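>>> Pasted the sequence and its predicted model underneath.
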Amino acid sequence: MIHEITEQAGKYKARKRVGRGPGSGRGKTSTRGQKGAGSRAGHFTRYQFEGGQMPFFRRLPRWGFTNAEFKTHYWIVNLRDIAAHPEFVKGGEVTPDTLIHAGLIRDTTRDVKVLGSLGEGQSELKVKLDVKVSRVTGPAKKLIEGAGGSVEESGTRRDRIRGVDRNAGDPTPKNLTKKLKRYRKSHS
């Protein structure tokens, strides 16, 4: 049986010994082929070298700039999850810290966004909530204020840089960038 034979043969295979004369079976050119750079000492080829043809990475099209790394990531929490949680059944203050304590978000590394999705068959919120987070969607704000609660949006880092006051009701930025100012001045 093959498993018995290999066990007797041993665990390790002998190393290939090249350049040890014609009797070794790998004599003369010593597995290097004939002539050229590959047969000489000190030869080195990059792993991406394709024999001189246009390399694959250079055949691919190049794409432009992306804003992906500057995207704002949120912890998303639905109103139905907040209303159904035992800590908020009787209402109360909804902040990132209380949401962490309730286990609805993990930590404060991201901004919190509250969405206005209620359970099926529900059209209004039954508890009074005082929400103090980075962002609250329009439908969520309407539902919270309709139940007698209050909404205070602190805004994201991007909002603060651009001078957007989320509580004022005017979402237009007050601190425009130099590029925008320069463009407006030259085309007015």
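Structure's in. What do you need?
>>> What is the burial count for Val133?
22 (other C-beta atoms under 10 Å). Every C-beta, even on glycine, is put in place using the N, C-alpha and C of the backbone.
>>> That one against Val94, yeah?
Yes. Val133 is within contact range of Val94, at 6.9 Å (criterion: C-beta atoms under 8 Å).
>>> Sketch out the helices for the chain, chain order is fine.
Counting by DSSP state H, the chain has helices at residues 2-9, 56-59, 79-84, 96-102, 138-146, 157-162, 178-186.
>>> got the contact list for stretch 62-72?
Contact with stretch 62-72 is made by 111, 156-158, as judged by C-beta atoms under 8 Å, 6 or more residues apart in numbering.
>>> Can you work out which residues contact both of Val133 and Val94?
By C-beta under 8 Å, 6+ apart, the residues touching both Val133 and Val94 are Val114.
>>> out of the contacts of stretch 62-72, which are buried?
The neighbour count (16 or more other C-beta atoms under 10 Å) marks 111, 156 as buried among the contacts of stretch 62-72.
>>> Could you export the contacts of stretch 62-72 as JSON lines, including pLDDT?
Shown next, in JSON lines, are the contacts of stretch 62-72 (pLDDT from 0 to 100):
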{"residue": "Asp111", "pLDDT": "96"}
{"residue": "Thr156", "pLDDT": "92"}
{"residue": "Arg157", "pLDDT": "90"}
{"residue": "Arg158", "pLDDT": "88"}
